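Asks: let me see the structure of the following:
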Amino acid sequence: MKSHVSLTALAVALLLGGSLPAQAQFLGIGQPGNGVILLAQSRLRFRVPRVRSSGSLRSGAARGNCHPEGKAILMVPLLPMTQANGEIQLYPGTTASEHPRFFVHIPETTAQEARFMVVSQTKRQVIYEESFSLPGTSGVVEFRLPDTTTPLAVGESYKWSVELVCDPVDNSGNVAVEGIVQRVETATHWEQVPDRDRPLAYAQADIWYDAVASLAELRQTQPNNPTWKTDWRDLLQSVNLNAIADEPLVSCCQPKNATSQLGVGGN
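Replies: Alright, predicted model coming up:
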């Protein structure tokens, strides 16, 4: 049984980097065809969904196992969020991909291993489960759903989670975050959209996971391009991820073994 505590008001303020932006500040973005100009002039933004949140963000209550100074660990999934009733509320996101990519900010930690899992909420079935070696550096870490796994089905929702293994013997002190992803079908042929325009096109279509993944790929392939770094910051700040908007993308993660599970749990 994992132990968690809600974020304090101070932690909420630190994470959000100050007060939440007014609803009017969540501006629309332009047409996909002029991506470079629009990204530079209008800022890349994403609308926080007007749907029920998928849960609240909590920090690990267990101390001394995962942080070098015995402090509570706060992992942050890259998901749209707002503040409500003293807690940070996370919102589900969508993807057009059969095998999407997931991003989590992992702070300084003594944990050497993380567990990544994707579960079908409809079939209550594990789509993928794997343990990964951590890089030992704080930053934004990417977890991929491999092409060899069962593709996400259009219209279905899936819960994904990342858990830090703080103690291989005693799991009670482990720290975890989770999110919801739903695969959607769109009329856009995304492979025909130029790479540089995809973050804008995905954001305009309210497809969160792919907006983040496509922009992360641009940052990784063109690390010296200041435009992508600025757009990354603006995208994260538009959904209140202010405190991690300037954190580096960390090269990660290698599976510890080849024991990914396909379709575990039956139909």
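
Asks: can you pull out the helices in the stretch 101-250 of the chain?
Replies: Using DSSP state H, counting those that start in this stretch, the helices assigned to the stretch 101-250 of the chain run over residues 198-204, 208-221, 226-238.

Asks: and the first one, what's its mean pLDDT?
Replies: Average pLDDT, helix 198-204: 92.

Asks: using CSV, please lay out the helices of the stretch 101-250 of the chain together with distance to V140.
Replies: (C-beta placed from N, C-alpha, C; glycine too.) Supplementary listing: the helices of the stretch 101-250 of the chain in CSV, determined by distance: least, Cβ to Cβ, whole Å:
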stretch, distance to V140
helix 198-204, 15
helix 208-221, 8
helix 226-238, 9
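
Asks: please work out which of those helices is packed deepest.
Replies: Neighbour counts (mean count of other Cβ atoms under 10 Å) averaged over each of those peak at helix 198-204, with a mean of 25.

Asks: what residue lies at the spatial centre of the protein?
Replies: The structure's the chain has its C-alpha centroid closest to L78; by Cα atoms, centre = their mean the separation is 2.9 Å.

Asks: need the contact list for it.
Replies: 102-105, 140, 212, 236, 241, 244 (Cβ atoms under 8 Å, 6 or more residues apart in numbering).

Asks: so which of the residues you listed wins on neighbours?
Replies: Within these, most neighbours by other Cβ atoms under 10 Å means V212, with 28 neighbours.

Asks: that one touches L235, doesn't it?
Replies: Yes - assessed by Cβ atoms under 8 Å, V212 is found in contact with L235 at 7.1 Å.

Asks: inside strands: which ones of the contacts of L78?
Replies: 102-105, 140 (DSSP state E).

Asks: so which of those is the closest to A187?
Replies: Comparing the ones in strands among the contacts of L78 against A187 with Cβ to Cβ places F102 closest, at 25.1 Å.

Asks: to what extent is the residue lying closest to the closest one once chain neighbours are set aside buried, counted in neighbours?
Replies: Distances taken as Cβ to Cβ, 6 or more residues apart in numbering place F143 nearest to F102, at 4.7 Å, with adjacent residues excluded. Neighbourhood size, F143 [other Cβ under 10 Å]: 21.

Asks: contacts only, for F143.
Replies: Contact analysis of F143 by Cβ under 8 Å, 6+ apart lists 101-104, 116, 132, 160, 162, 253.

Asks: any idea what V181 is bridged to?
Replies: G93, Y158 (DSSP bridges).

Asks: what's the answer for S131, then?
Replies: R115.

Asks: and the pLDDT for it?
Replies: On the pLDDT scale, S131 gets 92.

Asks: pretty sure it contacts R115?
Replies: Yes - with contact defined as Cβ under 8 Å, S131 counts as touching R115 (5.3 Å).

Asks: list residues touching both of the two?
Replies: Common contacts of S131 and R115 (Cβ under 8 Å, 6+ apart): V165.

Asks: OK, contacts around A211?
Replies: Neighbouring residues of A211 by Cβ under 8 Å, 6+ apart: 46, 198-199, 202-203, 235.

Asks: thank you kindly, that will do.
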